[in-house]
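[1] Could you work out the structure for the sequence below:
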Amino acid sequence: MAKSDVTLGDAGIRSALRARLLVDHGDGETMVIEELGVCRGQVRIDLAVVNDVLHGYEIKSDCDSLRRLGGQIELYSKVLDYATLVVGDRHLAEALNAVPCWWGVLRVYASQDRPKFKAVRRGCKNLHRDPRSLVELLWLDDAIALLAQRDAARGVRGKPRRIVWDRVCEHFELDEIAAAVRAHVKTRAASQVALRPS
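    Coordinates of the predicted model:
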């Protein structure tokens with residue numbers, strides 16, 4: 001089968017992209033997380049790189065459609081520092097017009113051994129993150145522990161999550177919330193890896 005005849009599916013692209021990200025960020029301080037749910041689980045980021053930023057990668061193979069992309073862009077834009085669309089040739093032109101200018105775009109193409117990637121557009125930092133959407137990535141106990149650091153947890157223990165999240169937004173700046181979220185997401189991911197059977 002000629003390389004041009006190979007149709008790349010999501011699973012193969014995801015595996016190759018994960019391997020590339022692990023090589024690019026093999027510093028021991030970075031977590032690469034699959035299917036990170038954001039905005040109370042409304043969407044899941046295909047692959048998220050978590051270090052001193054939160055960088056999401058959304059895969060759209062030639063087997064996919066771009067039907068859900070608009071909604072994903074809206075929600076990802078609330079929480080991600082950086083976003084990259086990984087797209088096959090079939091959707092490349094349409095995708096370049098669809099994603100905001102701060103999104104990066106990686107073209108994925110077939111190679112003899114595994115999918116390869118080429119940067120089509122470099123992304124830049126998202127300047128429109130929403131602190132309330134970010135804080136929703138904290139579990140309730142994490143959010144209360146964060147408030148306790150500022151002696152601001154009084155009166156919210158035992159309250160619904162939305163009240164706790166609102167309190168965090170009152171007492172912490174956006175970048176402080178983002179740093180706390182990254183730390184907790186990394187800790188949670190590391191715990192899940194440790195619990196997996198060997």
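[2] Hmm, D46 is touching E35, no?
    Yes: D46 is within contact range of E35, at 7.1 Å (criterion: CB atoms under 8 Å). Glycine gets a C-beta too; all of them are placed from N, C-alpha and C.
[3] And those two? Which one has more around it.
    D46 (19 against 10; other CB atoms under 10 Å).
[4] where does the more buried one fall, phi/psi-wise?
    Taking degrees, to the nearest 10, you get phi -60, psi -50 for the backbone angles of D46.
[5] Next, the contact list for it, please.
    Residues near D46 by CB atoms under 8 Å, 6 or more residues apart in numbering: D10, R14, E34, E35, G56, Y57, E58, I59, V86.
[6] if we go to 7 Å?
    R14, Y57, E58, I59 (CB atoms under 7 Å, 6 or more residues apart in numbering).
[7] With adjacent residues omitted, what lies nearest to it?
    In this structure, D46 finds its nearest non-sequential neighbour in I59, 4.7 Å apart by CB to CB, 6 or more residues apart in numbering.
[8] Quick check: next helix or strand after the stretch of helix or strand that neighbour belongs to?
    For I59, the host element (DSSP states H and E) is strand 54-60. Downstream of strand 54-60, the first helix or strand assigned by DSSP H and E is helix 69-79.
[9] between that following helix and strand 54-60, how many degrees?
    170 degrees (axes from the mean of the first three to the mean of the last three CA atoms, to 10 degrees).
[10] Return the helix or strand in this structure with minimum mean pLDDT.
    helix 174-195 (a mean of 85; mean pLDDT, DSSP states H and E).
[11] In that helix, which residues are buried?
    For helix 174-195, burial by neighbour count (16 or more other CB atoms under 10 Å) applies to I177, A178, A180, V181, R182, H184, V185, K186, R188, A189.
[12] The third one contacts L146, correct?
    Yes: look at A180 against L146 with CB atoms under 7 Å: they come within range, at 5.4 Å.
[13] so how far does stretch 85-100 reach from one end to the other?
    10 Å (CA to CA, to the nearest Å).
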